[in-house]
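Engineer: could you look at this predicted model? Sequence included:
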Amino acid sequence: MSTLPTLLAATAAGAALWTLAEYLLHRFGMHHLHGRGIMSREHLEHHVHSTWSFDVNHLLSWTGMLLVGFGAWMPLTWWLAGPLAGVGVAVGWAGGYFFYEFHHAMAHLRAPGGRYGRWLRRHHFHHHFGRPMANHGVSTLLWDKVFGTYERPEQVRVPRRMALPWMVDDAGELHQRFREDYVLVGAASSDERTASLDRARAFASIAPTA
Ligand SMILES: [Zn+2]
Ligand SMILES: [Zn+2]
């Protein structure tokens, strides 16, 4: 194969490989481990409040994923299919990973801007608030379809205390334009008992109560 097609095919393969890793890591490396190991613990902490904010652990995962791409996938593919394929796979892997990181953070922080963003949020927040053992893919539903964990919610029931900042107005009510996709349930405030229940349920991969 000539240069460009090889590079493009390898990049696409690297990105596809990432989406499979995204699914497997999230399902088995995070939820099935119930908080054993830093990756699982950090992810289940993310489920406790369903917020997203930058912390140093992100630098750790960014570095780790770049190392996997350029330190493992690149030399392996290079050895199997040549330098172009090696570089392409690593670039596709890293691109797929940062695409996922960006869209996951934005889903928690910003209102959807288009059809894909709207789909991704409903898919991912069903994972958070409906069934944490479904919808493990964030950027694509492909692997959930393949492995039988795909669920398409009619409407996502969001505990009011966990409502995403972009969902609600100043009075804490759901914006009109999101009412087709979401409904707020329960109280806005949390007490000690609710907080410890939220933690226990997140670490057991069970949806939070209303
Ligand atoms: Zn999330
Ligand atoms: Zn999760």
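Structural biologist: Done, it's in. Ligands and ions are numbered 1, 2, ... in the order given.

Engineer: tell me which element the residue nearest to the spatial centre of the chain falls in.
Structural biologist: Nearest residue to the geometric centre of the chain (CA atoms, centre = their mean): residue 138, 4.1 Å. Taking DSSP states H and E as the definition, one finds residue 138 inside no helix or strand.

Engineer: gap between it and residue 77?
Structural biologist: Distance, residue 138 to residue 77, using CB to CB, to the nearest Å: 25 Å. The C-beta positions use only the backbone N, C-alpha and C, and glycine is treated the same way.

Engineer: state which helix of this structure is the longest.
Structural biologist: The longest helix of the chain (DSSP state H) is helix 83-109.

Engineer: can you map out the helices along the protein?
Structural biologist: Using DSSP H, helices in the chain cover 3-24, 38-49, 56-67, 74-81, 83-109, 115-129, 142-147, 192-203.

Engineer: got those helices as CSV, with distance to residue 175 columns?
Structural biologist: What follows is these, written out as CSV (distance: least, CB to CB, whole Å):
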stretch, distance to residue 175
helix 3-24, 29
helix 38-49, 21
helix 56-67, 29
helix 74-81, 45
helix 83-109, 15
helix 115-129, 13
helix 142-147, 28
helix 192-203, 24
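
Engineer: quick revisit: the longest helix of the chain: which residues count as buried?
Structural biologist: By 16 or more other CB atoms under 10 Å, the buried positions in helix 83-109 come out as 84-94, 96-97, 99-101, 103-104, 106-108.
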